[in-house]
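[1] Quick one: sequence plus predicted model below, questions after.
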There are 2 protein chains.
Amino acid sequence: MTAKINVTLKKSIMDPQGTAVKDAALSMGFDAVDDVRIGKHIEVKIKDGISRKEAEKQVELLCQKLLANPVMENFSFEITED
Amino acid sequence: MTAKINVTLKKSIMDPQGTAVKDAALSMGFDAVDDVRIGKHIEVKIKDGISRKEAEKQVELLCQKLLANPVMENFSFEITED
């Protein structure tokens, strides 16, 4: 199994990196772009023999304690079969 | 509409950041973790009035030309209604 995790900045947090990418995109002629927000995409391969329930429990805790800053970031994840 | 883009390192490319997170996770007792790969999650808000077809065309080009390094990275995206 693999956990596919997205960590994104909370709406209220400014994203200078996203603004820089938006400006670059508009200057390159991508006029469909209205706004850009940049976050992290983390893929965690789960060891064989671990149950889906245990994997979900550990990935949830991993996000809370290590991968996402609860003050500034949200996280979401899905666990897929390999 | 919003384009949700994931940019990930190609399998052949080493990921020291992912290795550091894996080591930290294991030292914190997350024994289900086998491997960790870190990438970018980018959300692009599409201007109102743009067709889905035009949005897909621009997002594909945006990934090729600005968001992903074709030598080292793969990208995938989906376009969702807001």
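    Alright, I've got the coordinates.

[2] Quick check: residues of chain A near chain B?
    Proximity of chain A to chain B (Cβ under 8 Å from any Cβ of the partner chain) is limited to residues A:4, A:6-8, A:18, A:21, A:24-25, A:28, A:30-48, A:50, A:54-55, A:58-59, A:61-62, A:65-67. Where C-beta positions appear, they are placed from N, C-alpha and C, glycine not excepted.

[3] helices and strands around whichever strand or helix holds residue A:43, which ones?
    Using DSSP states H and E, residue A:43 sits within strand A:33-46. Where contact means 3 or more Cβ pairs under 8 Å, 6 or more residues apart in numbering or on different chains; DSSP states H and E, strand A:33-46 is packed against strand A:2-9, helix A:16-27, helix A:52-62, strand B:2-9, helix B:16-27, strand B:33-46.

[4] Ok, which of these comes nearest residue B:81?
    Residue B:81 lies closest to strand B:2-9 among these, at 8.2 Å (Cβ to Cβ).

[5] now the angle from that closest one to helix B:52-62?
    Counting by axes from the mean of the first three to the mean of the last three Cα atoms, to 10 degrees, strand B:2-9 lies at 30 degrees to helix B:52-62.

[6] how distant is strand B:2-9 from the center of its chain?
    Chain-centre distance of strand B:2-9: 3 Å, with Cα atoms, centre = their mean, to the nearest Å.

[7] Which positions within stretch A:57-66 qualify as buried?
    Of the residues in stretch A:57-66, A:58-59, A:62-63 count as buried by neighbour count, 16 or more other Cβ atoms under 10 Å in any protein chain shown.

[8] and the two most separated of those residues?
    Across the buried residues of stretch A:57-66, the longest distance by Cβ to Cβ is 9.8 Å; it joins A:58 and A:63.

[9] contacting residues for the closest residue to residue A:7 other than its chain neighbours?
    Among residues not flanking residue A:7 along the chain, residue A:40 sits closest, at 4.3 Å (Cβ to Cβ, 6 or more residues apart in numbering or on different chains). Each residue near residue A:40 by Cβ atoms under 8 Å, 6 or more residues apart in numbering or on different chains is listed here: A:5-7, A:67, B:38-41.

[10] Neighbours of residue A:7, how many?
    20 (other Cβ atoms under 10 Å in any protein chain shown).

[11] Hmm, I typed the wrong one, I wanted residue A:19.
    When counting by other Cβ under 10 Å, one arrives at 14 neighbours for residue A:19.
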